[in-house]
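K.L.:
fold the following.
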Amino acid sequence: MRQNFVAGNWKMNLTLPEAQALTSEIVQMMHDELTGPAPQVVICPPFPLLAGVGHLLGDSGNPALGAQNCHQKESGAYTGEVSAKQLQSVGCKYVILGHSERRQHFHEDDALLAAKLKTVLAAGLKPIFCVGESLETREADETFDFIGKQLKDGLFHLSNEEFDQVVIAYEPIWAIGTGRTASSQQAQEVHAFIRERVAVAYDAQAAANTTILYGGSCNAQNARELFSQADVDGGLIGGASLKSRDFVEIVKSF
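P.N.:
Prediction:
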């Protein structure tokens, strides 16, 4: 079901004491400052910190615990990897898949991500599936073709029931960690395109119900304008999620 949604991707940052302090601050601020219906909030620490952060989140499911990745196999001799079932067992509800940094640095392609999606869904977890173009692709005016292919090859093999569990995140690669942000109009154009592609691949109801996030240097200063766009349902937040005040201000931007 479509909902206002903010996920914090901590990437490879923080020690356990730092992570627990940040989590406690976020939880307390949300309790003290949010009035009325709150957006769904997800916190995604590195693997070793999941359990230590998860027990501070409480039982309400908001904030929820998420992971930054998982392996495509259920179990086996894959040294250094983590399975969806293991993530579920420590309290994870969500998993980020297809982040541009995974695609770039670890050469994850759409076929691999399609397999990961199936494994994550089978474990009862909800994927946050990322798509997005490079600066070169945008400057070549190929953004929509590129993202359309990512959706078709990586995501649209799912059944309607499986797809209902998916959150999509649009993250223009040229805006991640660069301080550059897509304008609200640029973000809206791509989000509207994604929703239209969902309607074609599934149906209008699926498109209306799909939560689509913006990721790419979203911060406390620009979140309100971005989130005010008709097809932008929230954010996948990187650097700003490491500062409790900034992150909660983003959560309050709806």
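
K.L.:
for the rest of this, base every contact and every neighbour count on C-alpha atoms.
P.N.:
Will do.

K.L.:
assumed V6 was part of a helix.
P.N.:
No - V6: not assigned to a helix; according to DSSP: H, G, I helix; E, B strand; the rest coil it is strand.

K.L.:
that one pairs with what?
P.N.:
V6 has these beta-bridge partners by DSSP bridges: V41, G235.

K.L.:
just the C-alphas of the helix or strand that contains A19, formatted as CSV.
P.N.:
In this assignment (DSSP states H and E), A19 forms part of helix 16-33. What follows is helix 16-33, C-alpha atoms only, in CSV (Å, rounded to 0.1, in the frame of the first residue of the first chain):
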residue,chain,number,x,y,z
LEU,A,16,28.0,-0.1,17.6
PRO,A,17,28.1,2.5,20.5
GLU,A,18,27.7,5.3,17.9
ALA,A,19,24.9,3.5,16.2
GLN,A,20,23.0,2.9,19.4
ALA,A,21,23.4,6.5,20.5
LEU,A,22,22.0,7.7,17.1
THR,A,23,19.1,5.2,17.2
SER,A,24,18.1,6.3,20.7
GLU,A,25,18.1,9.9,19.7
ILE,A,26,16.0,9.2,16.6
VAL,A,27,13.5,7.2,18.5
GLN,A,28,13.2,9.8,21.3
MET,A,29,12.8,12.7,18.8
MET,A,30,10.1,10.8,16.9
HIS,A,31,8.2,10.1,20.1
ASP,A,32,8.5,13.7,21.3
GLU,A,33,7.9,15.6,18.0
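
K.L.:
buried stuff in it?
P.N.:
For helix 16-33, a neighbour-count test (16 or more other C-alpha atoms under 10 Å) marks 16, 19-20, 22-23, 25-27, 29-30 as buried.

K.L.:
farthest pair within the residues you listed?
P.N.:
Taking C-alpha to C-alpha as the measure, the buried residues of helix 16-33 span a maximum distance of 21.0 Å, between L16 and M30.

K.L.:
report the buried residues of stretch 127-145.
P.N.:
127-134, 137-138, 143-144.

K.L.:
please apply the same query to stretch 114-123.
P.N.:
114, 116-121, 123.

K.L.:
which outside residues touch it?
P.N.:
Applying C-alpha atoms under 8 Å, 6 or more residues apart in numbering, the external contacts of stretch 114-123 come out as 70-74, 84-85, 88, 95, 97, 126-127, 153-155, 157-158, 162, 165.

K.L.:
which of the buried residues of stretch 127-145 fall in helices?
P.N.:
137-138, 143-144 (DSSP state H).

K.L.:
can you list those residues in a markdown table and add pLDDT?
P.N.:
What follows is these, written out as a markdown table (pLDDT from 0 to 100):
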| residue | pLDDT |
| --- | --- |
| T137 | 92 |
| R138 | 91 |
| T143 | 95 |
| F144 | 97 |
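
K.L.:
ok so, going back, give me the contact list for the helix holding A19.
P.N.:
Residues contacting helix 16-33 (C-alpha under 8 Å, 6+ apart): 45, 49, 52-53, 56-57, 63, 242-245, 247-248.

K.L.:
swap the cut-off to 6 Å and go again
P.N.:
With contact meaning C-alpha atoms under 6 Å, 6 or more residues apart in numbering, helix 16-33 is reached by 49, 53, 244.

K.L.:
make TSV out of those residues and add distance to E225.
P.N.:
Listed next are those as TSV, based on distance: C-alpha to C-alpha, whole Å:
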residue	distance to E225
L49	32
V53	30
S244	20
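
K.L.:
can you select the buried ones from the contacts of stretch 114-123 in ChimeraX?
P.N.:
Buried residues within the contacts of stretch 114-123, by 16+ other C-alpha under 10 Å, are selected in ChimeraX with:
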select :70,71,72,73,74,84,85,88,95,97,126,127,154,155,158,165
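
K.L.:
in helices, which of the contacts of stretch 114-123 fall?
P.N.:
84-85, 88, 153-154, 162.

K.L.:
now do the strands in the stretch 1-150 of the chain.
P.N.:
Taking DSSP state E, counting those that start in this stretch to define them, one finds strands in the stretch 1-150 of the chain at 5-9, 40-44, 64-67, 92-97, 126-131.
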